[in-house]
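>>> Just to be clear, the model below is a prediction. Sequence and coordinates:
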Amino acid sequence: MTTNSHLSEVLAPPDPPGPIKWARDNLFSPWYNTVLTLVSVVFLYFVLSAIFRWVFGTADWTAVTQSPLLYAIGQYPREEMWRVGAALSLLFLLVGLSWGNWGGMLRSIAIGSGAFFLILAILPITHDQLDMNMRLYLGGTALLVLVGYFVGRLSAVKDLYIIMGWLLSPVVMITLISGVEDPVALTRTGTYLLLLMIGLTSGKLPNSWRYIPIFLGGAVIAFSLFTITSGGGTALAVYYFMIGAMLLVGYLVGRLEVIEWSHIILGWILSAFVFVNFLPNFDLSQALPSIRTTAWGGLLVTFILAAGGIILSFPIGLALALGRRSSLPVVSAFSTVFIEAIRGVPLVTILFMFSIILALFLPEETRLDRLLRALMAVTVFSAAYTAENVRGGLQAVPPGQIEAAKALGMNGFQTMTFIVLPQAIRTVLPAIVGQFISLFKDTTLVVIVGINDFLGIGRSIINSTPEFVQLQLEVYAFIAVVYMIFSYLMSMASRRLETRLGVADR
């Protein structure tokens, strides 16, 4: 008994040093550390005090506080601003649902965003654009996060439902924000929904019926390619392509084990309800009139470009990395040339190429939206760098892992999906997140091609009002702080994810 107590005393970890001892050991131990500490304190005092006096005394923030909505959504029609609010509410409802169902890092995101909206709602200031309706919306969005949390904790809410919500949310949000120009767009959407349900159902049928959507979908997609090459029109080709894609996507999703017959039956019931009640006599173009992207601006454009670029560039970069390591010469050569060509030119060149030169290679009747062209340029540029990051992770995976997977009877697809890729992405996760942070900041370059993102709105405010010309420092300081905050939040989320995945542990 005495021996055990003696060992516990010997093996007990030492008490952490107090603040005085820590400061003495780390800041004032040798004489030169003391000198460096005192010089740093004096330097920080003068710098921070000067910044404090400028921010709260000398600076004139009129150019920032006069039109906060202009920085947020640009020239988006104010009478249709509810659509941006509805899209934002949908996003934070999904954040709350994910927090309640999965927890983890989403807890900090949900609490932080909810607290931010709540603080804005109760902010004790008077402003024309922060009226009672705006305060109620901000408070309601914060409450929506909390409602999503409690709903997400219910046992009836499964992971599949939330994943499907996240997958469908970009389409819903972009439709809300951009609106519908074609009066028959809802009818086409109903057609796509019908074909999706047919594909889902065929995925659960016996083998003799399963291949029908594959052949039909492939044939329709091939016909769409023939249509566009024979001059039949891009819109018609896209319509045929979507028909075939819905059949194939529905079939592949229906093959998943998580999809049960009860889900498919519920989907048919909801589809029938939509067909009977909404499609015949409802014109979606009247409820959601089209709003050109020339009216979009501010943080709305910045977030669309950044989020779209990140979501789209990662799978493309992943495919390019795998293609560069492929044993097929054609695939490897194409991936290598693509990556090196894109990485060999600056982003500004890619933006000009997609904004001006791309139109020369398209049919005369085809006119891509300028925001879409910018998104394509940002995606292609980021995909090339992401591919090299992923390729570095693939090379870091020991060959013994692949040999062990083959010894267990795994084929090439299973080995790459379940063994190699998780380890590769885990290894290069800091580099990938760093690339995404760089992509978020690089979106400011779209102002060169005439798109008013967050930085472009700031420049427009300065140039449009003569008395704001002398307030350039305040405007650019505000823009820099906003970019710094979001970049830091992305970096903090990355560090938490790395800690959870044990990136530093070997």
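Cool, got the structure.

>>> Every contact and neighbour count from this point should use C-alpha atoms.
Fine.

>>> Next, the contact list for residue 81, please.
In this structure, residue 81 makes contact with no residue, judged by C-alpha atoms under 8 Å, 6 or more residues apart in numbering.

>>> CA atoms only for the helix or strand that contains it, dumped as PDB, please.
Using DSSP states H and E, residue 81 falls within helix 81-102. This file holds the C-alpha atoms of helix 81-102, laid out as PDB (Å, rounded to 0.1, in the frame of the first residue of the first chain):
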ATOM      1  CA  MET A  81     -34.800  41.100 -51.000                       C
ATOM      2  CA  TRP A  82     -37.000  38.600 -49.100                       C
ATOM      3  CA  ARG A  83     -35.700  36.000 -51.600                       C
ATOM      4  CA  VAL A  84     -32.100  36.400 -50.400                       C
ATOM      5  CA  GLY A  85     -33.400  36.300 -46.800                       C
ATOM      6  CA  ALA A  86     -35.300  33.100 -47.500                       C
ATOM      7  CA  ALA A  87     -32.200  31.500 -49.100                       C
ATOM      8  CA  LEU A  88     -30.200  32.500 -46.000                       C
ATOM      9  CA  SER A  89     -32.800  31.200 -43.700                       C
ATOM     10  CA  LEU A  90     -32.800  27.800 -45.500                       C
ATOM     11  CA  LEU A  91     -29.000  27.700 -45.100                       C
ATOM     12  CA  PHE A  92     -29.000  28.300 -41.400                       C
ATOM     13  CA  LEU A  93     -31.900  25.900 -40.900                       C
ATOM     14  CA  LEU A  94     -29.700  23.200 -42.400                       C
ATOM     15  CA  VAL A  95     -26.900  24.300 -40.100                       C
ATOM     16  CA  GLY A  96     -29.200  23.900 -37.100                       C
ATOM     17  CA  LEU A  97     -30.400  20.500 -38.200                       C
ATOM     18  CA  SER A  98     -26.800  19.400 -38.800                       C
ATOM     19  CA  TRP A  99     -25.800  20.600 -35.400                       C
ATOM     20  CA  GLY A 100     -28.600  18.700 -33.700                       C
ATOM     21  CA  ASN A 101     -27.900  15.500 -35.600                       C
ATOM     22  CA  TRP A 102     -24.100  15.400 -35.900                       C
END
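
>>> What residues sit buried inside it?
Buried residues in helix 81-102, counting neighbours by 16 or more other C-alpha atoms under 10 Å, are found at 83-87, 89-101.

>>> Which SSE is immediately downstream of it?
Counting by DSSP H and E, the element after helix 81-102 in chain order, helix or strand, is helix 105-121.

>>> Contacts for whichever helix or strand comes after that following helix next, please.
Following helix 105-121 in sequence order, the next helix or strand is helix 132-152 (DSSP H and E). Residues outside helix 132-152 that contact it (C-alpha under 8 Å, 6+ apart): 89, 92-101, 110, 113-115, 117-118, 120-122, 157.

>>> Check which residues of helix 132-152 are buried.
The neighbour-count check on helix 132-152 (16+ other C-alpha under 10 Å) flags 135, 137-146, 148-149, 151-152 as buried.

>>> could you give the angle of the longest helix along the chain to helix 105-121?
Using DSSP state H, we find that the single longest helix of the chain is helix 472-501. On the basis of axes from the mean of the first three to the mean of the last three C-alpha atoms, to 10 degrees, helix 472-501 is oriented at 150 degrees to helix 105-121.

>>> what about helix 472-501, average pLDDT?
Across helix 472-501, the average pLDDT comes to 89.

>>> same check, this time on stretch 88-101
Per-region confidence: stretch 88-101 scores 91 on mean pLDDT.

>>> Check stretch 418-436 too.
Stretch 418-436 carries an average pLDDT of 89.

>>> which residues in the stretch 251-400 of the chain form helices?
Applying DSSP state H, counting those that start in this stretch to the stretch 251-400 of the chain gives helices spanning 261-277, 284-287, 299-324, 329-343, 347-352, 370-396, 399-407.

>>> In TSV: those helices, plus distance to residue 489.
What follows is those, written out as TSV (distance: least, C-alpha to C-alpha, whole Å):
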stretch	distance to residue 489
helix 261-277	37
helix 284-287	36
helix 299-324	14
helix 329-343	27
helix 347-352	24
helix 370-396	20
helix 399-407	34
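
>>> Lowest average confidence across these, which one?
helix 284-287 (a mean of 59).

>>> which residues touch the spatially closest residue to residue 370 that is not a sequence neighbour?
In this structure, residue 370 finds its nearest non-sequential neighbour in residue 355, 6.6 Å apart by C-alpha to C-alpha, 6 or more residues apart in numbering. Residues near residue 355 by C-alpha under 8 Å, 6+ apart: 370, 373, 374, 449.

>>> My guess is the third one contacts residue 354. True?
When you say that, I think you mean residue 374. Yes. At 6.9 Å, residue 374 and residue 354 qualify as touching, with contact defined as C-alpha atoms under 8 Å.
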